[in-house]
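Trainee: Next comes the sequence, and after it the predicted model I'd like to discuss.
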Amino acid sequence: MIFVGSQRSGAKDLALHLMKEENDHVTIHEVRGFASEDLLSALREAEALSKSTRCTQYLFSLSLNPPPNEVVDTQTFEAAIDRAEEKLGLVGQPRAIVFHEKDGRRHAHAVWSRIDADEMRAVPLPFTHRKLLDLSRELYLERGWRMPGGLAKSGARDPVNFSLGEWQQAKRASSDPKTIKLAFMEAWAVADSKTSLIQALKERGFILAQGDRRGFVAVDRQGEVYALARWSGIKTKDVKARLSDSKGLPSVEEAQAQNAREMTPALERLRTELESKRTQAREAAEQQRSALVKRQRAERHALETKQDARNLAETKERQSRFRTGLSGLWDRLRGEHAKIRDRNALEAYESLLRDRQEMDALIATHLDQRGSLKAQQYKEAERFERIERDLKHKEARLRHSERAAHGEPQTAQNLKRGDDEHEQDHDLHRT
């Protein structure tokens, strides 16, 4: 069921539009929460109430259109309107429901007053388009209706066309059974024949294949096999009714071999993209390191300059304590000169320790900064390593599939050989 909603004003125009005689039949199904019982007066109530607020679009109008060739009963319309009301945050607001019938099709309109009479303010309606899309999608899946292609949401796509970022995102999502099931349900909902189902599954990264005992299965790009009926939530007899037979479909082994042929160039492209991104990351890391070192050197030079200037001033001050001429001679005779000399020496040593402590503190800060940057860069390098291991593991699995397709059995020895090849590649990379 497709929902189209909008905030609006024009109570009279909307009421007249909803009651137009151009429809075969118009039914005022419900007027709830208004003092008036007719549609025009009810909507004008909302308009009058809005005058006490600053809201100019005081109505929310929603149309509900079921799929073509589907007969939807009144209870289903009411349930859909109630769910829309809850999603939009309009529960308890006055509303009206009108049914139109024309050219053998029935659809509904619902109108709410946005004005909260208790608070005397308009009910906010953020993200209405997204909320109504989500509800529409839910109803299509729940009712088993054929879903328009633009309504599918699962985000499942064929990994052959993935970028490196999309590959990582899909890898994280692939372990979620809900995501997988939604992809199957959407593919079934948008398809009406074997040909369209094959295409819908392919767009989501699956190949329709023959299973055991003439059943239908789908093989993903990882080589995993899924029972079509179970993962689509469809009865086996309904699957057979739509798809007829499995004639022309590949076997599981052939589908896995097809995966290998199609994914190998994609993986090579991803490896190239990975190396490019790793090179860019290394260059960026070197630029960060160089900038940090340059800034740290400038800070150390500034501290050294500051300390030199301070030491010069302190030395002059200490030197000024010595008197000259006869006064200086008298200081020497009575031992005052020696006391000043010892005091100056002690202060000079304390100044030296102070300067060292300041420099040591700055060095410690710089080491911490450099260590943080190194840890960040190491984490980034590890991320690239994980992606590369994942790609190599995928390549090893593809080699296994190709061997099986050429009649070489998937024995434990063959599997170990693939794992060994993967480990050798990884060891080579580490060196």
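Mentor: Sure, I can see it.

Trainee: Where do the strands of the chain begin and end?
Mentor: 2-8, 25-32, 59-65, 95-102, 105-113, 115-116, 121-122, 206-210, 216-220, 225-227 (DSSP state E).

Trainee: Low-confidence stretches in the stretch 51-200 of the chain?
Mentor: Where the stretch 51-200 of the chain drops to pLDDT under 70, the residues are 149-176.

Trainee: Repeat the analysis, applying 80 as the threshold.
Mentor: 69, 103-104, 144-179, 192 (pLDDT under 80).

Trainee: Mean neighbour count and distance to Lys131 for the strands of the chain - can I get that in a markdown table?
Mentor: Where you see a C-beta, it was placed from the backbone N, CA and C, and this is true even at glycine. Output for the strands of the chain, formatted as a markdown table (neighbours: other C-beta atoms under 10 Å; distance: least, C-beta to C-beta, whole Å):
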| stretch | mean neighbour count | distance to Lys131 |
| --- | --- | --- |
| strand 2-8 | 17 | 9 |
| strand 25-32 | 14 | 21 |
| strand 59-65 | 21 | 11 |
| strand 95-102 | 19 | 17 |
| strand 105-113 | 22 | 14 |
| strand 115-116 | 20 | 19 |
| strand 121-122 | 16 | 17 |
| strand 206-210 | 23 | 29 |
| strand 216-220 | 24 | 31 |
| strand 225-227 | 17 | 31 |
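
Trainee: what residues are up against the residue lying closest to Ile198 once chain neighbours are set aside?
Mentor: Spatial nearest neighbour of Ile198, excluding adjacent residues (C-beta to C-beta, 6 or more residues apart in numbering): Leu208 at 4.9 Å. Contact analysis of Leu208 by C-beta atoms under 8 Å, 6 or more residues apart in numbering lists 194, 197-198, 201, 216-218, 228, 249.

Trainee: With Arg83 instead?
Mentor: Counted by C-beta under 8 Å, 6+ apart, Arg83 has contacts Leu135.

Trainee: Quick one: closest of the strands of the chain to Ala46.
Mentor: strand 105-113 (3.7 Å; C-beta to C-beta).

Trainee: And that closest one, what does it pack against?
Mentor: Judged by 3 or more C-beta pairs under 8 Å, 6 or more residues apart in numbering; DSSP states H and E, strand 105-113 is in contact with helix 11-18, helix 39-50, strand 59-65, helix 74-88, strand 95-102.

Trainee: From the contact counts, what lies against the third one?
Mentor: Applying 3+ C-beta pairs under 8 Å, 6+ apart, one finds that strand 59-65 contacts strand 2-8, helix 11-18, helix 74-88, strand 105-113.

Trainee: residues touching Tyr226, list them.
Mentor: Per C-beta under 8 Å, 6+ apart, neighbours of Tyr226: 180, 184, 206, 217-220.

Trainee: give me that answer again for 6 Å
Mentor: Ala218 (C-beta atoms under 6 Å, 6 or more residues apart in numbering).

Trainee: With distance to Leu329 added, can I get the strands of the chain in JSON lines?
Mentor: Output for those, formatted as JSON lines (distance: least, C-beta to C-beta, whole Å):
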{"stretch": "strand 2-8", "distance to Leu329": "100"}
{"stretch": "strand 25-32", "distance to Leu329": "113"}
{"stretch": "strand 59-65", "distance to Leu329": "103"}
{"stretch": "strand 95-102", "distance to Leu329": "109"}
{"stretch": "strand 105-113", "distance to Leu329": "105"}
{"stretch": "strand 115-116", "distance to Leu329": "98"}
{"stretch": "strand 121-122", "distance to Leu329": "94"}
{"stretch": "strand 206-210", "distance to Leu329": "105"}
{"stretch": "strand 216-220", "distance to Leu329": "101"}
{"stretch": "strand 225-227", "distance to Leu329": "106"}
